[in-house]
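Participant: Predicted model, plus sequence, below.
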Amino acid sequence: MKLYHTSWNEIDRLGQRPLWFALELEHATEGWAKTDPTKLGWVYEGTFAGELANEQDPAVQMLFSDYNIDIEEYVLALLANPTETEIMSEPGSYLLQLMGYDAFQYTDYDPRDFSKDLPSILVFSPQDSISGFSLIH
């Protein structure tokens, strides 16, 4: 699956730190790349190959429930744009990785219109699950 990442800094190569990705190019180019008119966002494309957990999947919801982790609180924590350290210290992130998931898809706000929602994907270790990562805009 093709994914798109917007960054305020040029990325030479992917590392182990978590990164957010959009599912559609317009979300990255017309959304995140233009949220700050004083900066030019770098937009990258890559192909995700890994295990993806989805907040809407009943099996993922049950997993969180079985471990007494509130999936809604986890999503709210992600919506606050936490640092990579904060992401990795979240019990939900730990649980998903422990269970073999490489990424988590959840509903985020649309940067083009904050009253709307879009799916967003948090990839825990892009170096391990994103291939063909390249600058496209």
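Facilitator: Cool, got the structure. Note that the structure is predicted; figures quoted are calculated from it, not measured. Numbers count the residues shown, from 1 in each chain.

Participant: Now for residue 3: which residues touch it?
Facilitator: By Cβ atoms under 8 Å, 6 or more residues apart in numbering, the residues touching residue 3 are 21, 22, 23, 45, 46, 47, 48, 121, 123, 130. C-beta coordinates here come from the backbone N, C-alpha and C atoms, glycine included.

Participant: Just name whatever secondary elements the helix or strand of the chain with the lowest mean pLDDT is in contact with.
Facilitator: When each helix and strand of the chain is scored by mean pLDDT, DSSP states H and E, helix 25-26 comes last, with a mean of 75. The contact analysis (3 or more Cβ pairs under 8 Å, 6 or more residues apart in numbering; DSSP states H and E) places helix 25-26 against no helix or strand.

Participant: so which strand or helix has the spatially most central residue of the chain?
Facilitator: In the chain, the centroid-proximal residue (Cα atoms, centre = their mean) is residue 122; its distance is 2.1 Å. Per DSSP states H and E: residue 122 is located in strand 113-123.

Participant: Which ChimeraX command selects the buried ones in the contacts of residue 3?
Facilitator: Buried subset of the contacts of residue 3, written as a ChimeraX selection, criterion 16 or more other Cβ atoms under 10 Å:
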select :21,22,23,45,46,48,121,123,130
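
Participant: Secondary structure for the contacts of residue 3 - can I get that in a markdown table?
Facilitator: Conversion of these to a markdown table gives the following (DSSP: H, G, I helix; E, B strand; the rest coil):
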| residue | secondary structure |
| --- | --- |
| 21 | strand |
| 22 | strand |
| 23 | coil |
| 45 | strand |
| 46 | strand |
| 47 | strand |
| 48 | strand |
| 121 | strand |
| 123 | strand |
| 130 | strand |
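
Participant: which among the contacts of residue 3 gets closest to residue 115?
Facilitator: residue 22 (17.9 Å; Cβ to Cβ).

Participant: returning to that earlier point: does the residue nearest to the centre of the chain have beta-bridge partners, and which?
Facilitator: Counting by DSSP bridges, residue 122 is bridged to residue 20, residue 104.

Participant: Number the chain from 39, please
Facilitator: In the new count, where the first residue is 39, that last one comes out as residue 160.

Participant: Next one: it, what pLDDT does it get?
Facilitator: Per-residue confidence (pLDDT) for residue 160: 96.
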